[in-house]
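In: Need a 3D model of the sequence below.
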Amino acid sequence: NLGAILRGENAAAYLRAAVHCPAPRDGVLELGSDDGLKVWLNGTLVHANDARRPTHLGDDRVAVRLVQGWNRLLVKVTQAGGEWGLALRLAHPNGDPMDDLMTRPE
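Out: Numbering: from 1, shown residues only. As a prediction, the model looks like this:
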């Protein structure tokens with residue numbers, strides 16, 4: 001719930017996190033946003049959706065490749081009006097959770 005900590009409309013917020021993966025692997029980013037979003041993984045834009053919608057995890061699904069070690073995630077969430085939020089989960093391609101990842105906010 002970004003609206004609980006940020007105010008305003010017609011705005012944008014950037015969120016950063018590092019995700020440690022023990023070995024290279026394919027995965028899926030499951031995303032939900034209110035409103036639009038862009039996602040970069042290790043400096044490469046992997047997804048963009050200029051949406052106007054409520055936050056529902058899984059509205060967007062993006063195939064990604066994680067490298068061994070630390071992977072950098074950067075997410076831009078835009079706010080048109082009303083509520084403002086983001087939901088994000090990294091999963092295996094079949095939807096199972098990746099239980100062996102470590103994360104830290106940046």
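In: Only C-alpha atoms from now on, for both contacts and neighbour counts.
Out: Will do.
In: So which residues of this structure form helices?
Out: Assigned by DSSP state H, the chain shows no helices.
In: For it, just list every one of the strands.
Out: Ranges of strands in the chain, per DSSP state E, are 11-21, 25-34, 37-41, 44-49, 60-66, 69-79, 85-91, 102-105.
In: With mean neighbour count and distance to Gly3 as extra columns, can I get those strands in a markdown table?
Out: Below are the strands of the chain laid out as a markdown table (neighbours: other CA atoms under 10 Å; distance: least, CA to CA, whole Å):
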| stretch | mean neighbour count | distance to Gly3 |
| --- | --- | --- |
| strand 11-21 | 15 | 10 |
| strand 25-34 | 21 | 10 |
| strand 37-41 | 20 | 15 |
| strand 44-49 | 14 | 19 |
| strand 60-66 | 17 | 21 |
| strand 69-79 | 20 | 9 |
| strand 85-91 | 19 | 7 |
| strand 102-105 | 12 | 19 |
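In: what's the closest of these to Leu2?
Out: strand 85-91 (4.9 Å; CA to CA).
In: CSV for the strands of the chain, including mean pLDDT and distance to Ile5?
Out: Formatted as CSV, the strands of the chain follow (pLDDT from 0 to 100; distance: least, CA to CA, whole Å):
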stretch, mean pLDDT, distance to Ile5
strand 11-21, 94, 11
strand 25-34, 96, 15
strand 37-41, 97, 18
strand 44-49, 98, 23
strand 60-66, 98, 24
strand 69-79, 96, 13
strand 85-91, 94, 10
strand 102-105, 94, 16
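In: quick one: which of these is nearest Ala4?
Out: For the strands of the chain, distance to Ala4 was read as CA to CA. The smallest value, 9.2 Å, belongs to strand 85-91.
In: Residues in a beta bridge with Leu37, which ones?
Out: On the basis of DSSP bridges, Leu37 is bridged to Asn49, Val77.
In: Report the contact partners of Gly32.
Out: Neighbouring residues of Gly32 by CA atoms under 8 Å, 6 or more residues apart in numbering: Pro54, Thr55, His56, Leu57, Gly58, Asp59, Asp60, Leu86, Ala87, Leu88.
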